[in-house]
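Participant: The sequence isn't on hand, but the structure is:
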Ligand SMILES: O=C(O)CCC(=O)C(=O)O
Ligand SMILES: [Fe+2]
């Protein structure tokens, strides 16, 4: 009885999946099957999971955040040199509704080429975009919203942070906000985006998430956003559509949809993808 009460009161957590022990993975091995089932269950029930992977040297991780801090410490006019017509690519900041938030999307920089090189094998139709984000420390300790609730529009997002928590994911089962406490310094958060949800015709969950912080420490996060290449049409394969899973979205060009998302109507919409091409 006592333990049942304790379990009921325990804060909700997103699933933790450990990729460290099994690297490099052998396809169709027992470990492969077990990880595949864990990932499948996590993306169906939560739309996200914490991926722990200890294969990255600690000095690389600290060097990345040192460079990210230097990047955001640059004068505003320098940061504004990296702008883009595509929403959320290039420099984003100085928004009156999010005064403590800045981000820098890196498209054609050397960093991206390195990222692309190592991910091409995994996502041959993909075009990963890399974005680094800064959430400045607040003067008061009150909870302050740093990013409004939203779903990601891409296929998959992989996030890493500098040890300062803030990401919250809305639980599919009961709508409660789950605070993502990275349980290890070698953890990443993997989130399903709307385009994977559309491509798999609703078989995975694309979770609403936000960033809220009360700590008076600056948070840095790194995001790898896996998006389809320009001109790629996201279309659910026939085998994803049946009586129990009627087609949810008409085929759409990802970049054209993303441009719609960046318009006033797209940003205001509670569900931009449904509004753009819902059946
Ligand atoms: O900084 C984070 O942890 C999340 C950022 C995010 O949700 C986004 O950029 O879409
Ligand atoms: Fe997001």
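Facilitator: Sure, I can see it. Bear in mind the structure is a predicted one, so any value in this text is a computation, not a measurement. Ligands and ions are numbered 1, 2, ... in the order given.

Participant: Distance from stretch 254-265 to the middle of the chain?
Facilitator: Mean C-alpha position of stretch 254-265 versus that of the full chain (CA atoms, centre = their mean, to the nearest Å) differs by 18 Å.

Participant: Buried ones in it, by neighbour count?
Facilitator: 254, 255, 257, 258, 260, 261, 262 (16 or more other CB atoms under 10 Å). From N, CA and C alone the C-beta is placed, and that goes for glycine too.

Participant: Next, format those as TSV and append distance to residue 86 and pLDDT.
Facilitator: TSV is the format used below for those (distance: CB to CB, whole Å; pLDDT from 0 to 100):
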residue	distance to residue 86	pLDDT
254	11	94
255	7	91
257	12	96
258	7	92
260	12	95
261	10	94
262	7	90
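
Participant: List the backbone torsions phi and psi for residue 160.
Facilitator: phi -130, psi 150 (degrees, to the nearest 10).

Participant: Next, count neighbours for the closest residue to it other than its chain neighbours.
Facilitator: Among residues not flanking residue 160 along the chain, residue 222 sits closest, at 4.6 Å (CB to CB, 6 or more residues apart in numbering). Per other CB atoms under 10 Å, the neighbour tally for residue 222 reads 18.

Participant: Double-check that residue 222 belongs to a strand.
Facilitator: Yes. Assessed by DSSP: H, G, I helix; E, B strand; the rest coil, residue 222 belongs to a strand.

Participant: Report the beta-bridge partners for it.
Facilitator: With DSSP bridges as the criterion, residue 222 is bridged to residue 132, residue 160.

Participant: for the stretch 1-150 of the chain, which spans come out with low pLDDT?
Facilitator: For the stretch 1-150 of the chain, the stretches with pLDDT under 70 are 1-9, 22-23, 107-128, 139-143.

Participant: and the closest residue to ligand 1 within it, how many neighbours does it have?
Facilitator: Nearest residue of the stretch 1-150 of the chain to ligand 1, counting by CB to the nearest ligand atom: residue 133, 4.9 Å away. Residues lying near residue 133 (other CB under 10 Å) number 23.

Participant: Spatially, and excluding backbone neighbours, which residue is closest to it.
Facilitator: residue 103 (4.2 Å).

Participant: how close does the one you found sit to residue 196?
Facilitator: Applying CB to CB, to the nearest Å, the value for residue 103 to residue 196 is 22 Å.

Participant: ditto for residue 96
Facilitator: Distance of residue 96 to residue 196, computed by CB to CB: 32 Å.

Participant: Which of those two has more residues huddled nearby?
Facilitator: Per other CB under 10 Å, whichever of residue 96 and residue 196 has more neighbours is residue 196, with 22 against 5.

Participant: That one is in contact with residue 153, isn't it?
Facilitator: No. Using CB atoms under 8 Å, residue 196 is not in contact with residue 153, being 10.4 Å away.

Participant: Quick one: neighbours of the residue of the stretch 101-250 of the chain found nearest ligand 1, just the number.
Facilitator: When scored by CB to the nearest ligand atom, the stretch 101-250 of the chain has residue 221 as its residue closest to ligand 1, at 3.5 Å. Residues contacting residue 221 under the criterion other CB under 10 Å number 23.

Participant: Show the pLDDT at it.
Facilitator: Looking at residue 221, its pLDDT is 94.

Participant: What distance do you get for it to residue 164?
Facilitator: Note on residue 221: its distance to residue 164, by CB to CB, is 9 Å.

Participant: what residues are shared contacts of these two?
Facilitator: Common neighbours of residue 221 and residue 164 are listed as residue 135 (criterion: CB atoms under 8 Å, 6 or more residues apart in numbering).

Participant: Tell me, how many residues neighbour residue 26?
Facilitator: Neighbour count of residue 26, defined by other CB under 10 Å: 9.

Participant: Show me which residues of the stretch 101-250 of the chain sit near ligand 1.
Facilitator: 133, 147, 152, 159, 161, 167, 209, 211, 221, 223 (CB under 6 Å from any ligand atom).

Participant: From the residues you listed, pick the one nearest residue 13.
Facilitator: Comparing these against residue 13 with CB to CB places residue 167 closest, at 12.6 Å.

Participant: and the closest one, what does it touch?
Facilitator: Residues near residue 167 by CB under 8 Å, 6+ apart: 159, 161, 179, 180, 189, 209, 210, 211, 221.
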